[in-house]
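> only the shape, not the letters, is given here:
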């Protein structure tokens, strides 16, 4: 193989798994040299119970390895022991006792190992300097994800209970500091993608923490994808919410080059509620000149306010998703829909037909409802998902039953894209 051109050797290495790469590098000096660039996966995973920040720091300071890393995923989620234990008994109540005892024993052993590691390593913000130095030294770093809702290990028992929002634990003050450390580390890094799947909304109200974001999120102007799922359950009263949303709006307006934006609100204190959003306060007259994809989930708003915000992106918007799973448990209907406390969906969708001429796809998921229950114009729908956020078809969920009156959004999508009679009056009475 030494006689092959370097380009062919690289092609061979690009099709090898990590173990094969290591084996090939032991054969000859040339293979060892060419294979150096394939030792590491371009996706780096950091969990809170290992010294992964030390490992990332070492990679970033290595002349040949630092160019390998293109994305970082930081897992910060924690499992609530007592909630997980009670939930797991409910999930497996028909499992034979001996088998259940063995399964739970294995899961508890894994849980104890993780907690011991977490205590030994300490919180992420204690390694803020190393993380900042590492991120600034990775020349090809483009994507960063922070997740609190995923479980990165193979233990199916723990993965199942982690799907239940009530089993996820969040130390809010520690989370503020950890997120501060991450946003500081990104200062000056030209990211393309930034994602957080549980961002406490009060971060943008608390002066010391919001100033960190205002200072270090200036590099968001390079982003093309911004995916934020916000947890408003730490806010106290309308004044607190207003200040937090103003701070969030300031951050959102830094990302001027976005082509994809997702804003979801997951209120862990009341998982079926919708968070009141004013797009006028959040964005004023700001618009994203290149926005092609927009996802809005779990909000309560005015029809005209939402319609006006969407219309500002009519020249570029191609794909629109309203609603989502929200904080629904695996067996529940989707909870992350849209509530209109003023206006109707008929008026909203009719207006979008003319205001979004470039729109190619629209998807609705969750409970859509108007608040004026006593008026003839009241509308309420329960949409089940047809595609995921990558627009890939998904199988019909097992929780779709006629008793839940769940329906497909396809008639509404056709109405917005192609016109015809409004499907709402008929579908609101149908059972699917």
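Ah, there it is. If you're wondering where the values come from, they're calculated on a predicted model, not measured in any experiment.
> show me what contacts the most centrally placed residue in the chain?
Centroid-nearest residue in the chain: residue 197, 3.9 Å away (criterion: C-alpha atoms, centre = their mean). Taking C-beta atoms under 8 Å, 6 or more residues apart in numbering, we find residue 197 in contact with 145-150, 227, 229. (Each C-beta comes from the backbone N, C-alpha and C, glycine too.)
> tell me the secondary structure at it.
Classification of residue 197 by DSSP: H, G, I helix; E, B strand; the rest coil places it in strand.
> quick check: it vs residue 263, distance?
Taking C-beta to C-beta, to the nearest Å as the measure, residue 197 falls 12 Å from residue 263.
> before we move on, what about residue 222?
19 Å.
> the two: who's more crowded?
Between residue 222 and residue 263, residue 263 has the larger neighbour count (other C-beta atoms under 10 Å), namely 21 against 16.
> ok, now which ones touch the more buried one?
Going by C-beta under 8 Å, 6+ apart, the list of residues near residue 263 reads 228, 230, 252, 295-297, 299.
> run the last query once more with 10 Å
Listed by C-beta atoms under 10 Å, 6 or more residues apart in numbering, the contact set of residue 263 reads 226-230, 248, 252, 275, 277, 279, 282, 294-299.
> now do residue 132
Applying C-beta under 10 Å, 6+ apart to residue 132 gives the contacts 57, 181-182, 184-189, 216.
> next step: the contacts of residue 263 restricted to helices.
248, 252, 279, 282 (DSSP state H).
> burial of the closest residue to the first one other than its chain neighbours, as a residue count?
Yep, that's residue 248 we're talking about. For residue 248, ignoring the flanking residues on the chain, the nearest one in space by C-beta to C-beta, 6 or more residues apart in numbering is residue 204 at 4.8 Å. Using other C-beta under 10 Å, residue 204 has 22 other residues around it.
> same question for the one 4 residues further on.
Using other C-beta under 10 Å, residue 208 has 10 neighbouring residues.
> gap between the one helix or strand it maps to and the chain center?
Following DSSP states H and E, one finds residue 208 within helix 207-216. Between the centre of helix 207-216 and the centre of its chain there are 22 Å (C-alpha atoms, centre = their mean, to the nearest Å).
> all helices of the stretch 51-200 of the chain, in order?
Remark: helices assigned in the stretch 51-200 of the chain by DSSP state H, counting those that start in this stretch are 52-60, 81-91, 97-121, 128-136, 156-162, 172-185.
> can you flag the weakest of those helices by average pLDDT?
Among those, helix 81-91 carries the lowest mean pLDDT, at a mean of 75.
> in that helix, which residues are buried?
Across helix 81-91, burial judged by 16 or more other C-beta atoms under 10 Å covers 83-85, 87-88, 91.
> then stretch 315-328?
Residues 316-317, 319-328 are the ones in stretch 315-328 that count as buried (16+ other C-beta under 10 Å).
> so which of those residues belong to strands?
Mapping the buried residues of stretch 315-328 onto strands (DSSP state E) picks out 319-323.
> can you redo the helices of the stretch 51-200 of the chain as a markdown table with distance to residue 286?
Below are the helices of the stretch 51-200 of the chain laid out as a markdown table (distance: least, C-beta to C-beta, whole Å):
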| stretch | distance to residue 286 |
| --- | --- |
| helix 52-60 | 35 |
| helix 81-91 | 40 |
| helix 97-121 | 40 |
| helix 128-136 | 28 |
| helix 156-162 | 36 |
| helix 172-185 | 21 |
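> of all those helices, which lies closest to residue 334?
Residue 334 lies closest to helix 156-162 among the helices of the stretch 51-200 of the chain, at 18.7 Å (C-beta to C-beta).
> low-confidence bits of the protein, can you list those?
Applying pLDDT under 70 to the chain flags the ranges 1-4, 13, 34-36, 38, 89-95, 100, 373-374, 425-432.
> domain parsing of it, as residue ranges.
1-39, 43-258 (automatic domain parsing).
> so how far is the longest one off the chain centroid?
Put plainly, it is domain 43-258. Distance of domain 43-258 from the chain centroid (C-alpha atoms, centre = their mean) equals 11 Å.
> what's the first-to-last distance across it?
22 Å (C-alpha to C-alpha, to the nearest Å).
> and for stretch 285-304?
The first and final residues of stretch 285-304 sit 14 Å from each other (C-alpha to C-alpha).
> OK, contacts around residue 126?
Contacts of residue 126 (C-beta under 10 Å, 6+ apart): 53, 177-178, 181.
> got these as JSON lines, with neighbour count and distance to residue 141 columns?
As requested, those are exported to JSON lines (neighbours: other C-beta atoms under 10 Å; distance: C-beta to C-beta, whole Å):
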{"residue": "53", "neighbour count": "22", "distance to residue 141": "14"}
{"residue": "177", "neighbour count": "18", "distance to residue 141": "22"}
{"residue": "178", "neighbour count": "23", "distance to residue 141": "19"}
{"residue": "181", "neighbour count": "21", "distance to residue 141": "16"}
